[in-house]
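K.L.:
give the three-dimensional model of this entry:
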Amino acid sequence: MAGKAAVYERLLKGFLQNYEHLKIDLSSSDSLRDIHTIKGLSANLGAMRLSAAARELELSKSEESLEEFYRCLNDVLEEIKSRG
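P.N.:
This is a model prediction of the structure:
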């Protein structure tokens, strides 16, 4: 974010608002688009574990990958919440 803390904070809050209650349906094109979006956003935010989990889910579309994706997503969301 090149030292732009306010921009970074807005991105974190937007990420939290948009994905806090995310429900993924692997047969839905909307969900697949969400996964793809999260893959890129999380990389930009520095949440590389979540980005990798989203990439794996995008490729495999497996229940196992979905479980890991949710674990990583929840970790990131909890971290954002803890920042206040």
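K.L.:
make it CA atoms for all contacts and neighbour counts henceforth
P.N.:
OK.
K.L.:
next helix or strand past the helix or strand containing Leu41?
P.N.:
Counting by DSSP states H and E, the element that carries Leu41 is helix 29-45. Proceeding N to C from helix 29-45, the next assigned helix or strand is helix 48-60, under DSSP H and E.
K.L.:
which outside residues touch that following helix?
P.N.:
32, 35-36, 38-43, 65-66, 68-69, 72-73, 76 (Cα atoms under 8 Å, 6 or more residues apart in numbering).
K.L.:
6 Å instead, please
P.N.:
For helix 48-60, contacts defined as Cα atoms under 6 Å, 6 or more residues apart in numbering pick out Ile35, Lys39, Ser42, Ala43, Ser65, Phe69, Cys72.
K.L.:
just flag the most distant two among those residues.
P.N.:
Ala43 and Ser65 (17.7 Å; Cα to Cα).
K.L.:
ok, Ile35 - contacts?
P.N.:
Ala54 are the contacts of Ile35 under Cα under 6 Å, 6+ apart.
K.L.:
helices and strands of the protein: which one has the lowest mean pLDDT?
P.N.:
helix 5-19 (a mean of 92; mean pLDDT, DSSP states H and E).
K.L.:
which strands or helices does it pack on?
P.N.:
For helix 5-19, there is no helix or strand it packs on, judged by 3 or more Cα pairs under 6 Å, 6 or more residues apart in numbering; DSSP states H and E.
K.L.:
and it, what's buried?
P.N.:
Leu12, Phe15, Leu16 (16 or more other Cα atoms under 10 Å).
K.L.:
and the angle for the helix ranked longest in the chain with helix 5-19?
P.N.:
Determined from DSSP state H, the single longest helix within the chain is helix 63-82. Orientation of helix 63-82 against helix 5-19 (axes from the mean of the first three to the mean of the last three Cα atoms, to 10 degrees) gives an angle of 130 degrees.
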